[in-house]
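**Student:** Turn this into a model:
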Amino acid sequence: MSETTSSQGTDEGRTDHGVGTDQVEDTVVAGDAGSSVTDDLTVAPAGSEDALEQVQDDDAAEDDEDDDEPENPLEAEAEVAADYLEELLDIADLDGDIDTFIEGDRAHVSIVSESKVLVGPDGAVLDALQELTRLAVMTETGNRSRLMLDVAGYRETRRRELLEVAGNAVTQVRESGERMSLEPMNPFERKIVHDAVASAGLVSESKGEEPRRRVVVLPAS
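**Tutor:** A predicted model of the protein is given here:
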């Protein structure tokens, strides 16, 4: 009886242990599943935060791209020209401030200075410097430039003089009824006169070859 009881107790113990193992395994599996679900739930929010950060980073990058978007092409021309001229002034050891503005479809750059060294006789040095500046702008931007350069207010002073010349020519042509040829001018100066004559209701044309090309004011037909 004692041995039988012991044997039965052992079997029962083994049976109980077997059942307990199954339960433990079930518990572990369930725990693993729960852990997996928990991990999934934990990863999802983290992923969402990462995605949100990525979107924010993308938005920031787009903002940076917007900030880096090319400005008005004419403003870009003026900026390149100003940098070029500032460097030139430093090399030549000349004093002067650089002003830029946009008028119509043309960028304007002015060297504000008391010195007329960069103007030259009849603006010859200024015209050459303007061409060099346009070339520097074209090299930098890849686009042909019509930038207008002034030094020491020379072009503005000349503009006022040419408006007076054009006005006098219009008056004489109207009174005489005959065409009138003006002094030789560069393209910039001829453009001012042509515009002034047209505003007065008459017609003008350019005749001759550079550098002797001039404006001819025609009587009304």
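
**Student:** so how far is residue 150 from the nearest residue to residue 196 once chain neighbours are set aside?
**Tutor:** Take residue 196 and drop its neighbours on the chain: the residue closest to it by CB to CB, 6 or more residues apart in numbering is residue 166, 3.6 Å away. (C-beta placed from N, C-alpha, C; glycine too.) Remark: distance between residue 166 and residue 150 (CB to CB, to the nearest Å) = 19 Å.

**Student:** Wasn't residue 110 part of a strand?
**Tutor:** Yes - checked against DSSP: H, G, I helix; E, B strand; the rest coil, residue 110 lies within a strand.

**Student:** Who are the contact partners of it?
**Tutor:** 98, 99, 100, 149, 150, 151, 153 (CB atoms under 8 Å, 6 or more residues apart in numbering).

**Student:** can you do 7 Å?
**Tutor:** By CB atoms under 7 Å, 6 or more residues apart in numbering, residue 110 lies in contact with 99, 150.

**Student:** Give me the residues contacting stretch 149-166.
**Tutor:** With CB under 7 Å, 6+ apart, stretch 149-166 has contacts from 109-111, 113-116, 118-119, 123, 126, 129-130, 133, 182, 189, 192-193, 196-197.

**Student:** quick check: mean pLDDT across it?
**Tutor:** The average pLDDT for stretch 149-166 rounds to 96.

**Student:** and that stretch, which residues are buried?
**Tutor:** Judged by neighbour count (16 or more other CB atoms under 10 Å), stretch 149-166 contains these buried residues: 149, 150, 151, 152, 153, 154, 155, 158, 159, 162, 165, 166.

**Student:** my read: residue 109 touches residue 82, true?
**Tutor:** Yes - between residue 109 and residue 82 a contact is recorded at 6.0 Å, counting by CB atoms under 7 Å.

**Student:** okay, now the domains of this protein?
**Tutor:** 1-69, 73-152, 156-218 (automatic domain parsing).
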